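In: fold the stuff below for me.
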Amino acid sequence: MKTSVMNPHTSEPLFLIIDPVHNLKNIYNNFERKKSFKIPALNSPLFPSESQVRFQDLLDLYSVESAKPVRMAHKLSLRSLNPKPVEKTSVKLAAAIFHESTVNALMHYSEEEGKDWQGTARYLGLIKKLWAVLNVNSSCVGKRKRDIERDPVRSSEDWKLQFLLEFVQFLDEWESSGDVGLSKETLFAVRHTLTALVEMSRFMVDKLGFNYILLGKFQSDSLESRFGWYRQLSGTNYFISVKQLFESELKIKTLSLVHFSGVSLSELSSSDKYDQCADEMELDSAEFVTLKEALIKVDAAEGPVSRSDCCTVYFVTGAVIHSELRRRKCSCCSAILVNDDPPEFDLELTNEGESSFLKRVNRGGLLSPSSAPYAACVKAFSVFGSIKGDGGLKEKFLRMRNQRTCFLGLMGAILEADSGIQEVIVFAAQCENGHAPI
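Out: From the prediction side, this is the model:
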């Protein structure tokens, strides 16, 4: 099959590609169906050493983290690991398997806890990089995400085009080795699409004078999404009529006008008033005191938080601080809450490596929390685990009328009762602008 044919009218090439989104889903289905395969040592720079790739590694990773309130591989789910036949065409489930959080979690457990998951992590990381290069839909997403893999193609010698050609070479050598984890059809489709995209990008830059190329625009997702919207608005009818199409288009235009008119959904409904009343609702003092006393006893008997959980909590604490500082825009709060060094307070853990996961996933925009917010988040993590793991406490907690307010009240009471944590929680310096701690 040729990568392009000549247009008889304009005498310019028409490039033939197979939808990259469908290629990703086929790679996902091949991996899920075959379960295990070996990638031998190849001449390709993408995979210079032999690796064993196992789908069971993902199942083991999910089993390790499934009971945790916060997880490193937060995109993994039972649906992505055990898809139904109709779910095997889901882009969301396929992207979850090859997500950077899954790759980083596999590498973290391999290096920190001795798991034999590095081969699977390298393979998933390669497919993740391929998908990042092919799924660029905006010229500025790479700068916003601080990820050079999501920058557009800007020249005929761009490194991303070289990477696509190297990936084709990797597929050729892998196929010649005789132990391939992809089907013959998937190999052909991926190889053909990547070659055609490289030729098309170079033609558009060199011949047509484009400043940059967004490879994510050469997909059928936008078309399928629009027609899926039409079908949903037509009573989930697959075969819609022309009249239904025009009626659905009118509804979509109306929703767009409301969206860009500046009118918020809270102004169109009274749900925000209900939420405000719920937040101001007083707790049942007797039940709250009983729950607080029981929880303090259980929390005091709990053991230290594991090292992997500390790494995850450290990452989440930085995200919470980042969100709060965007709202406050206060340099004094930033100096109090942010610390470039690893935390000194670790709840009786060795503090080596708490920031290791953060350093692995950081591309320059993540924050390292100081000791105070990190200690509070570790304590909140421990308290939540105590509630979740004790049937009696969980039943009492679920009986509370406003569980969010209840949890905040419990955290305040527990932090006040814990003398060992007070020295860390109390700020050494107050904010000059009068801002309260988070």
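
In: which residues in the stretch 51-200 of the chain form strands?
Out: Ranges of strands in the stretch 51-200 of the chain, per DSSP state E, counting those that start in this stretch, are 51-54.

In: now do the end-to-end distance for stretch 176-185.
Out: End-to-end distance of stretch 176-185 (Cα to Cα, to the nearest Å): 15 Å.

In: what comes into contact with it?
Out: Residues outside stretch 176-185 that contact it (Cβ atoms under 8 Å, 6 or more residues apart in numbering): 26-27, 30-31, 34, 37-40, 42, 53, 171, 174, 187, 190. C-betas here are computed from N, CA, C, even on glycine.

In: can we see that at 7 Å?
Out: With Cβ atoms under 7 Å, 6 or more residues apart in numbering as the test, stretch 176-185 has contacts from 27, 30, 31, 34, 37, 38, 40, 53, 174, 187.

In: PyMOL command to pick out the buried ones of the residues you listed?
Out: Only the buried entries of the contacts of stretch 176-185 go into this PyMOL selection, using 16 or more other Cβ atoms under 10 Å:
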select buried, resi 27+30+31+37+53+174+187
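
In: what about the contacts of stretch 176-185, which are in strands?
Out: 37, 38, 53 (DSSP state E).

In: so what pLDDT did the closest residue to the last one other than its chain neighbours get?
Out: Translated: residue 53. Of all residues not flanking residue 53 in the chain, residue 123 sits nearest, at 4.5 Å (Cβ to Cβ, 6 or more residues apart in numbering). For residue 123, the model assigns a pLDDT of 94.

In: give the contact list for the residue nearest to residue 102 when sequence neighbours are not counted.
Out: Among residues not flanking residue 102 along the chain, residue 73 sits closest, at 4.7 Å (Cβ to Cβ, 6+ apart). Applying Cβ under 7 Å, 6+ apart to residue 73 gives the contacts 61, 65, 101, 102, 105.

In: show me which of those residues is closest to residue 165.
Out: Distance to residue 165 across the contacts of residue 73 (Cβ to Cβ) is lowest for residue 102, with 26.3 Å.

In: look up how far residue 316 lies from the closest one.
Out: According to Cβ to Cβ, to the nearest Å, residue 102 and residue 316 sit 17 Å apart.

In: the more surrounded of those two?
Out: For residue 102 and residue 316, the more surrounded residue by other Cβ atoms under 10 Å is residue 102, and the numbers stand at 26 against 19.

In: ok, residue 384 touching residue 69?
Out: Yes: judged on Cβ atoms under 7 Å, residue 384 makes contact with residue 69 at a distance of 5.3 Å.

In: residue contacts, the nearest residue to residue 26 once chain neighbours are set aside?
Out: Nearest non-adjacent residue to residue 26, counting by Cβ to Cβ, 6+ apart: residue 186, 4.4 Å away. Neighbour list for residue 186: 26, 27, 30 [criterion: Cβ under 7 Å, 6+ apart].

In: how close does the last one get to residue 99?
Out: Distance of residue 30 to residue 99, given as Cβ to Cβ: 18 Å.

In: tell me the secondary structure for residue 14?
Out: strand (DSSP: H, G, I helix; E, B strand; the rest coil).

In: number of nearby residues for it?
Out: Residues near residue 14, counting by other Cβ under 10 Å, number 11.

In: flag whichever of the contacts of residue 73 scores worst on pLDDT.
Out: Among the contacts of residue 73, residue 65 carries the lowest pLDDT, at 91.

In: with adjacent residues omitted, what lies nearest to it?
Out: Counting by Cβ to Cβ, 6+ apart, residue 65 lies nearest to residue 71, which is 4.1 Å off, once chain neighbours are set aside.

In: now the one you found: how far from residue 35?
Out: Relative to residue 35, residue 71 is positioned 23 Å away (Cβ to Cβ).

In: so which of those two has more stuff around it?
Out: Between residue 71 and residue 35, counting by other Cβ under 10 Å, residue 71 is the more crowded of the two (19 against 12).

In: re earlier: surely the residue nearest to residue 53 and residue 54 touch.
Out: No: in this structure residue 123 lies outside contact range of residue 54 using Cβ under 7 Å: 9.6 Å.

In: and those two? Which one has more around it.
Out: More crowded of residue 123 and residue 54, by other Cβ under 10 Å: residue 123, with 24 against 18.

In: show me the contacts for the more buried one.
Out: 39, 51, 53.

In: can you check the pLDDT for the closest residue to residue 160 other than its chain neighbours?
Out: Distances taken as Cβ to Cβ, 6+ apart place residue 133 nearest to residue 160, at 4.9 Å, with adjacent residues excluded. Looking at residue 133, its pLDDT stands at 96.

In: look up phi and psi at residue 43.
Out: Main-chain dihedrals, residue 43, degrees, to the nearest 10: phi -80, psi -10.

In: quick one, helices of the stretch 1-150 of the chain?
Out: 20-34, 56-65, 78-81, 91-97, 100-113, 118-134, 141-145 (DSSP state H, counting those that start in this stretch).

In: out of these, which comes closest to residue 236?
Out: Nearest of the helices of the stretch 1-150 of the chain to residue 236, taken as Cβ to Cβ: helix 91-97 at 18.9 Å.

In: give me the average confidence score over that closest one.
Out: Mean pLDDT, computed over helix 91-97, is 93.

In: which residues belonging to it are considered buried?
Out: Buried residues in helix 91-97, counted by 16+ other Cβ under 10 Å: 91, 93, 94, 95, 96, 97.

In: the third one and residue 25 touch, don't they?
Out: It refers to residue 94. Yes: judged on Cβ under 7 Å, residue 94 makes contact with residue 25 at a distance of 4.9 Å.

In: can you give me the domain assignment for the chain?
Out: Using automatic domain parsing, the domains assigned to the chain come out as 4-219, 222-263, 279-425.

In: distance to residue 432 added to these, as CSV?
Out: As requested, the domains of the chain are exported to CSV (distance: least, Cβ to Cβ, whole Å):
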stretch, distance to residue 432
domain 4-219, 30
domain 222-263, 35
domain 279-425, 5
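
In: lowest average confidence across those domains, which one?
Out: The stretch with the lowest mean pLDDT among the domains of the chain is domain 279-425, at a mean of 75.

In: and it, how far out from the chain's middle?
Out: How far domain 279-425 lies from its chain's middle: 22 Å, per Cα atoms, centre = their mean, to the nearest Å.
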